[in-house]
Every structure is written in C-alpha cells, then in structure tokens.
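A.B. asks: Based on what follows, work out the 3D shape:
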Amino acid sequence: MIRQMGHHKDSGWEWQFLWRRSLFDNEIDSAINFLREIGGIGIQQQGLDEWEWIGDQSGKYSTCSAYNLIWEATAGGQQEEWCEELWKIKIPSKFAVFAWRLLRDRLPTKKNLHSRQMQIQDM
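C.D. replies: Purely as a prediction, here's the structure:
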C-alpha cells in the first residue's frame, strides 16, 4: 500500500523505499527511472489507499486479465508458428517445455545464469 512506502511531511509526500535486497547492477537503471516517474506524483492524505488492477476495467485482478496483458505486450499477441506447433505435438510435456526453453534461450546455461547475477566460475 502507498501508506507503507512513505509519509506526509510539511512539504508534502516523501517516498521512503526499503528494498528487500541490494539491487543488481542491471536493476539500477530501472530503479532510477521508476523514482523519476513517481517523483512528481502527489499523494493526498484524504484519499483511499486500496489496490487497483489496471489490467482490467473492473479494477479487480484476475489471472486471465494478467495473462491477456502479458500476451498483448509480447509481439502484439502474435505467437510464432513454431511455438504453436510445438504445443500440438503429442509428446510428454517435459520434452515440449525443454524444447521451448531451448529455442527461447531459457535454459540455465552458464551464460544465462551469469546474466541473472549468479556467480559462475570457469565461464
């Protein structure tokens, strides 16, 4: 909730973020951009502090609305043909998942683990 992320002072609202962990190097730019975006937002003391999901007109979260939001953001909702065909093949799902991860470069290779800030010896 917003009220947990700062407090009101004489000069107005003051953000006070407490991160759960130190930011990774690749997250610092995102954090700076986030702080710039919210810097000019005024928080009213008398306003309600409640969750609102912008992924659906009702303001209520649902898994379906989150899926649709993600789907629209990736390639405009267009799935690559190979991907559609992969899920139609009659093979055990663990093989299909492995193939999908392989083709999407999502396997835990040394390179991918390193890009996720994992300490890898002998790169």
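A.B. asks: At which residues are the helices of the protein located?
C.D. replies: Remark: helices assigned in the chain by DSSP state H are 25-39, 63-73, 81-88, 93-103, 110-115.
A.B. asks: what's the burial count for R21?
C.D. replies: 6 (other CB atoms under 10 Å). (Each C-beta comes from the backbone N, C-alpha and C, glycine too.)
A.B. asks: on that earlier part again, now distance to Q16, mean pLDDT and mean neighbour count too, for the helices of the chain, in a markdown table please.
C.D. replies: As requested, these are exported to a markdown table (distance: least, CB to CB, whole Å; pLDDT from 0 to 100; neighbours: other CB atoms under 10 Å):
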| stretch | distance to Q16 | mean pLDDT | mean neighbour count |
| --- | --- | --- | --- |
| helix 25-39 | 12 | 88 | 11 |
| helix 63-73 | 28 | 81 | 12 |
| helix 81-88 | 43 | 80 | 10 |
| helix 93-103 | 39 | 90 | 12 |
| helix 110-115 | 31 | 85 | 12 |
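A.B. asks: Throw the ones you listed into CSV and include distance to G12, thanks.
C.D. replies: As requested, these are exported to CSV (distance: least, CB to CB, whole Å):
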stretch, distance to G12
helix 25-39, 11
helix 63-73, 32
helix 81-88, 49
helix 93-103, 48
helix 110-115, 40
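A.B. asks: quick one, domains of this protein?
C.D. replies: Partitioning the chain according to automatic domain parsing yields domains covering residues 1-43, 79-115.
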